[in-house]
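S.K.: everything below, folded, please.
(one chain, ligands or ions: 1)
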Amino acid sequence: MSSVSKSTPHWWQRAVVYQVYPRSFQDTTGNGVGDLEGVIRRLDYLVALGVDAIWISPFYPSPMADFGYDVADYCDVDPLFGDLATFDRLIDTAHHLHLKVIIDWVPNHTSDQHPWFIESRAGRDNPRRDWYIWRPPAADGGTPNNWGSFFGGPAWTYDPRTREYYLHQFVKEQPELNWRNPEVRAAMMDTLRFWMRRGVDGFRMDVIHLIIKDAALRDNPPDPNAPADLPANDLHQRQLHTYTEDQDEVQEVIREIRSVLDEFPDRCGIGELWGPLDRWVRYYGEHGEGLHLPFNFRLMDGMVWDARQMRASVDALEAALPPFAWPNYVLGNHDRMRLVTRFGGHAQARVAAMMLLTLRGTPTLYYGDEIGMADVPIPPDRVQDPQGLNLGVERTRDGCRTPMQWDGSPNSGFCPPSVEPWLPLATDHRERNVATQAEDPTSLLTLYRRLLALRRATPALVGGGYRPVDEAPNDCFAYWRNHNEQRLLVALNFSDAPREIASPGLAAARVILSTYLDREGPLSGAVLALRPNEGVIVAV
Ligand code: GLC
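M.R.: As a prediction, the model looks like this:
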């Protein structure tokens, strides 16, 4: 698979993106919730870490029914997080430090407190009625169709005042915009322009493949493979999402969004979407006129710690991508179990870090993964996430959203010791934190810093091709990243036992980085010996 870089790569091809969940990054007002000023204060940390761009989860005015993914004003900042002046300072400071800023954009739904929805629900003849998806009850008075909400129950809520149902595939406080209405499209495109004028470099677009629904609102078919033990109110997972996700007409909207991004130089569109590879790849556009980076969740969703499966996923992606399409990888975010927890522990997390930062494509890191934060068990009475509240505490996403662990002080430097943080801190925060790991030459944080520095200094790791090594044992994943004269081998041992990779190409090779952080230098012979759960980068 070819090495890309005929022309200078775009910033979003070279960049490593770091996701900040602002509620949990740094509190500067002493209310137990992080804020934008806190992000500004921690930018130096991110520069020292070696990332190139930050993606900030929503900070818009919001009643927080879904922690900011219920937006009441697309063009402002919630007072909890700061104000537009703070945001402008964030952009200026970040740009001064050569960091790009990507923000979340939530086009599928607004808050029920958004002025558009308040108008829309005011009356059937309100000019904004058709900005949302309203339908009369079915003949029996029930919901217009069988669609379920991701967060439990039906995707429809009855509004007694106007005697119709409105659609919401998340909580009922997140009514869905009608993207078939040109006025909605125009208004939403203007929100993109608003932030680009303020200097934003790109957008992470929330559930972008959901914004168009079947025109006839047909019932979704049942999913024959749905788990048997679903809670009674989980209608969503009992269905296939044939008529609610990835409708063909969404591609036309994606092209329109792209053309708005292209009104400004060098902006980047990243889409949150999932689905089978052949459908997913369409979001790049037929000739690159779609999204720059449709998020690729395939190394995370449904993936266990298995070298063959990882390789198969990467190979399939590489084979599916048209030449103009740039890959990307992610191992954690604010909706998924932390990677340490998912992949079995800290030994695996080190190998995962090396994999994520050496594959061909743009990696996105999730805050705290660089120090090995694990999912925090949340006491049932402290569960906040609507998914956990509605579908059972074991489904809560709070565990991966806990406060960043900065130091060994009582609230770990996230908020003042006297204040209760909005979610509990991990019990290991006194030992596992940035301050401790920054001083430790063998810590996970040091490994991330070394990997990021190496990536930045090594053209093959950014622009090189990807070629898997067939001779690697089954429980190892190894691949070449070659670029012009530079030849690098990445070898990842997924097993708890020593392994060897022998290849004639390895004669005269030398180790440049091990996940153990304790060896560099020439190999003896053409055999690469890997210790249990060791990853190494070898230069030939
Ligand atoms: C996306 C977000 C998630 C949110 C949902 C509804 O999946 O990542 O956090 O709950 O959309 O906006």
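S.K.: just the helices in the stretch 301-450 of the chain please.
M.R.: Taking DSSP state H, counting those that start in this stretch as the test, the helices found in the stretch 301-450 of the chain are 307-320, 339-343, 346-358, 386-391, 434-439, 444-457.
S.K.: would you turn the ones you listed into JSON lines with mean pLDDT and mean neighbour count?
M.R.: (C-beta placed from N, C-alpha, C; glycine too.) Putting the helices of the stretch 301-450 of the chain into JSON lines (pLDDT from 0 to 100; neighbours: other Cβ atoms under 10 Å) gives the following:
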{"stretch": "helix 307-320", "mean pLDDT": "98", "mean neighbour count": "17"}
{"stretch": "helix 339-343", "mean pLDDT": "98", "mean neighbour count": "21"}
{"stretch": "helix 346-358", "mean pLDDT": "98", "mean neighbour count": "22"}
{"stretch": "helix 386-391", "mean pLDDT": "97", "mean neighbour count": "20"}
{"stretch": "helix 434-439", "mean pLDDT": "98", "mean neighbour count": "17"}
{"stretch": "helix 444-457", "mean pLDDT": "98", "mean neighbour count": "19"}
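S.K.: right, and those helices - which one's nearest Arg180?
M.R.: Closest to Arg180 of the helices of the stretch 301-450 of the chain, according to Cβ to Cβ: helix 386-391, at 26.9 Å.
S.K.: what's in contact with the closest one?
M.R.: Residues outside helix 386-391 that contact it (Cβ atoms under 8 Å, 6 or more residues apart in numbering): 65-66, 150-153, 170-171, 231, 233-234, 378, 383, 394-398.
S.K.: dump that helix to CSV, restricted to CA.
M.R.: C-alpha atoms of helix 386-391 as CSV (Å, rounded to 0.1, in the frame of the first residue of the first chain):
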residue,chain,number,x,y,z
PRO,A,386,-28.6,9.5,30.8
GLN,A,387,-27.6,6.2,29.2
GLY,A,388,-26.7,4.8,32.6
LEU,A,389,-29.7,6.4,34.3
ASN,A,390,-32.2,5.0,31.7
LEU,A,391,-30.6,1.6,30.7
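S.K.: any residue of it touching the ligand?
M.R.: No. Using Cβ under 6 Å from any ligand atom, no contact is recorded between helix 386-391 and the ligand, whose separation bottoms out at 7.2 Å.
S.K.: turn the helices of the stretch 301-450 of the chain into TSV, including distance to Asp246.
M.R.: As requested, these are arranged in TSV below (distance: least, Cβ to Cβ, whole Å):
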stretch	distance to Asp246
helix 307-320	16
helix 339-343	25
helix 346-358	26
helix 386-391	21
helix 434-439	39
helix 444-457	33
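S.K.: so which of those helices comes closest to Arg198?
M.R.: Put simply, out of the helices of the stretch 301-450 of the chain the one that sits nearest Arg198 is helix 444-457, at 27.4 Å, with distance taken as Cβ to Cβ.
S.K.: tell me which other helices or strands the helix or strand following the closest one touches.
M.R.: Moving toward the C-terminus from helix 444-457, the first helix or strand encountered (DSSP states H and E) is helix 459-463. Contact here means 3 or more Cβ pairs under 8 Å, 6 or more residues apart in numbering; DSSP states H and E; on that basis helix 459-463 packs against helix 444-457, strand 476-483, strand 486-493.
S.K.: mind checking which of those is nearest the ligand?
M.R.: Distance to the ligand, taken as Cβ to the nearest ligand atom, is lowest for helix 444-457 among the helices and strands packed on helix 459-463, at 23.3 Å.
S.K.: middle-most residue in the protein, spatially?
M.R.: Residue closest to the mean C-alpha point of the chain, counted by Cα atoms, centre = their mean, is Asn333 at 4.7 Å.
S.K.: list the buried residues in stretch 510-517.
M.R.: By 16 or more other Cβ atoms under 10 Å, the buried positions in stretch 510-517 come out as 511-515, 517.
S.K.: name the nearest of those residues relative to the ligand.
M.R.: For those, the closest approach to the ligand (Cβ to the nearest ligand atom) belongs to Thr515, at 29.5 Å.
S.K.: the closest one reaches Arg350, doesn't it?
M.R.: Yes. Applying Cβ atoms under 8 Å as the test, Thr515 and Arg350 come out as touching, 4.1 Å apart.
S.K.: could you chop the protein up by domain?
M.R.: Using automatic domain parsing, the domain ranges for the chain come out as 11-108+181-449, 115-167, 465-539.
S.K.: of all these, which lies closest to Thr458?
M.R.: With distances scored as Cβ to Cβ, the stretch of the domains of the chain nearest to Thr458 is domain 465-539 (7.1 Å).
S.K.: ends of that closest one, how far apart?
M.R.: 15 Å (Cα to Cα, to the nearest Å).
S.K.: residue in the stretch 1-150 of the chain with the shortest distance to the ligand?
M.R.: The ligand sits closest to Tyr69 of the stretch 1-150 of the chain, with a gap of 3.3 Å, by Cβ to the nearest ligand atom.
S.K.: packing partners of the longest helix along the chain?
M.R.: Counting residues, the longest helix in the chain under DSSP state H turns out to be helix 182-197. For helix 182-197, the contact count by 3+ Cβ pairs under 8 Å, 6+ apart identifies strand 100-105, helix 250-261 as packing neighbours.
S.K.: tell me the pLDDT of Met1.
M.R.: On the pLDDT scale, Met1 is placed at 41.
S.K.: now Asp125
M.R.: Model confidence at Asp125, given as pLDDT, is 98.
S.K.: same question for Asn411.
M.R.: You'll see Asn411 listed with a pLDDT of 98.
S.K.: which residue is the nearest non-sequential neighbour of it?
M.R.: Pro417 (5.5 Å; Cβ to Cβ, 6 or more residues apart in numbering).
S.K.: what's the answer for Ala435, then?
M.R.: If the residues on either side of it in the chain are set aside, Ala435 comes closest to Asp407, at 4.0 Å by Cβ to Cβ, 6+ apart.
S.K.: repeat that for Glu520.
M.R.: For Glu520, the spatially nearest residue (Cβ to Cβ, 6+ apart) is Val511, at 5.5 Å.
S.K.: now the strands for the stretch 151-300 of the chain?
M.R.: In chain order, the stretch 151-300 of the chain shows strands spanning 156-159, 164-167, 202-205, 268-271, 293-294, with DSSP state E, counting those that start in this stretch as the criterion.
S.K.: which bits of the stretch 1-150 of the chain sit near the ligand?
M.R.: With Cβ under 6 Å from any ligand atom as the criterion, the stretch 1-150 of the chain meets the ligand at residues 66, 69, 106.
S.K.: circling back: list the contacts of the residue of the stretch 1-150 of the chain closest to the ligand.
M.R.: Counting by Cβ under 8 Å, 6+ apart, Tyr69 makes contact with 58, 62, 104, 106, 170, 174, 206.
S.K.: many thanks, we can stop here.
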